[in-house]
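J.: Sharing a model that was predicted from the sequence below.
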Amino acid sequence: MKPEFLTVSNLSISFGGIKALQDISFSMEKGEIFSVIGPNGAGKTTLFNCISGLYKPDEGSIRFKETAVEKKKPDAIARLGVARTFQNIELFSHMNTMENIMLGRHIHMKTGLFRGMGMWGKSTFAAKEEILHREKVEQIIDFLELQQVRDIPVGALPYGTQKLIELARALALEPDLLLLDEPCAGMNQEEKQDMIFWIKDIQDDLGVTILLIEHDMKLVMDISDRVLAINFGKSVTLGTPGEVQQNKEVRKAYIGEEDQDGISAVG
């Protein structure tokens, strides 16, 4: 068995008396795709926000590669090798694809992001560093086959392409752990299939460990090594996709099976 890579232990957080997460625990192995599922409001994005440092949990711990991160700021966690995408696209629409992906290199830039991007003085260290970072970004553009849109403002590009660019920007951090918050939300079937292809390539070719939130159950079951189901901030079950699919509470929530009183559990 592979050593634990990310360990979440007894994680709890409340907002105004509402318990968003209650005693959530799980661990991830390096190299796997681990998915978190649950109805809207189950606490999935809150969990991501705790892991990435946007929220500080009330109780519990989060260890990433043996380092406690539950009290660290987002930039410190990013420097440890954690990157994420968001459910809603967070790109700069007036900037082109290359420029948006370059923003993901900020934690690796010693001269500062905007000074480096400005190429002040071609013989300076900043300019040399800029060239190295652009080479890294070009590799990501080639990997995700974004060459044709590299110089186009992202606001003029299709939604599915923008989601791919956001993924590229996260990869620009060179993460060991990638948090994907509904990467296929709003996509058509063809775009979803393409995204599945890229996620598997990121796992297989780049060796990146992936923590995924996604509502498309077929996608989750096809792509995941293990799945954690949560509801109302509590853990329901954890196991392989096949095991989770057979869980009675999961089947009620996602398939709409009726309980013994004949009342559907889906609201």
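T.: Structure's in. What do you need?
J.: Domain boundaries for this protein, per the record?
T.: Annotated domains of the chain cover 1-81+176-267, 92-174 [automatic domain parsing].
J.: need the least confident one among those domains, by mean pLDDT.
T.: For the domains of the chain, mean pLDDT drops lowest on domain 92-174, to a mean of 83.
J.: could the domains of the chain go into JSON lines alongside mean neighbour count?
T.: Placement of C-beta: from N, CA and C, glycine included. Converted to JSON lines, the domains of the chain look like this (neighbours: other C-beta atoms under 10 Å):
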{"stretch": "domain 1-81+176-267", "mean neighbour count": "17"}
{"stretch": "domain 92-174", "mean neighbour count": "17"}
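J.: What segments of the stretch 151-267 of the chain are helices?
T.: Per DSSP state H, counting those that start in this stretch, the stretch 151-267 of the chain carries helices over the ranges 159-171, 189-206, 217-223, 241-245, 248-255.
J.: In a markdown table, list these along with distance to K65.
T.: Formatted as a markdown table, the helices of the stretch 151-267 of the chain follow (distance: least, C-beta to C-beta, whole Å):
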| stretch | distance to K65 |
| --- | --- |
| helix 159-171 | 18 |
| helix 189-206 | 17 |
| helix 217-223 | 24 |
| helix 241-245 | 26 |
| helix 248-255 | 30 |
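J.: how about the ones you listed, which one is nearest N40?
T.: Shortest distance between N40 and those, using C-beta to C-beta, is found for helix 248-255: 10.8 Å.
J.: quick one: the nearest residue to T209 once chain neighbours are set aside and I202, what's the gap?
T.: Distance criterion C-beta to C-beta, 6 or more residues apart in numbering; nearest residue to T209, sequence neighbours excluded, is L177 at 5.0 Å. For L177, the distance to I202 equals 11 Å [C-beta to C-beta, to the nearest Å].
J.: F5 and I230, how far apart?
T.: F5 sits at a distance of 20 Å from I230 (criterion: C-beta to C-beta).
J.: and what of A170?
T.: From A170 to I230 the distance is 23 Å (C-beta to C-beta).
J.: likewise A20?
T.: Distance from A20 to I230, by C-beta to C-beta: 11 Å.
J.: anything in contact with each of these two?
T.: Common contacts of A20 and I230, defined by C-beta atoms under 8 Å, 6 or more residues apart in numbering, comprise G43.
J.: Verify the contact between Q162 and P153 for me.
T.: No - counting by C-beta atoms under 8 Å, Q162 does not reach P153; the two are 10.7 Å apart.
J.: This protein: strands as residue ranges?
T.: For the chain, the strands defined by DSSP state E cover 4-15, 18-29, 33-37, 59-64, 67-68, 82-84, 177-181, 209-213, 226-231, 234-239.
J.: Can you lay out those strands as TSV showing distance to I131?
T.: Shown next, in TSV, are the strands of the chain (distance: least, C-beta to C-beta, whole Å):
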stretch	distance to I131
strand 4-15	33
strand 18-29	35
strand 33-37	34
strand 59-64	31
strand 67-68	32
strand 82-84	23
strand 177-181	26
strand 209-213	30
strand 226-231	41
strand 234-239	46
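J.: So for K136, which of those strands sits nearest?
T.: Taking C-beta to C-beta, strand 82-84 is the member of the strands of the chain nearest to K136, at 13.6 Å.
J.: Strand partners (parallel or antiparallel) of the closest one?
T.: strand 177-181 (parallel) (DSSP bridges).
J.: Any idea how far the partner strand is from the middle of the chain?
T.: For strand 177-181, the distance from its own C-alpha centre to the chain's C-alpha centre is 2 Å (C-alpha atoms, centre = their mean, to the nearest Å).
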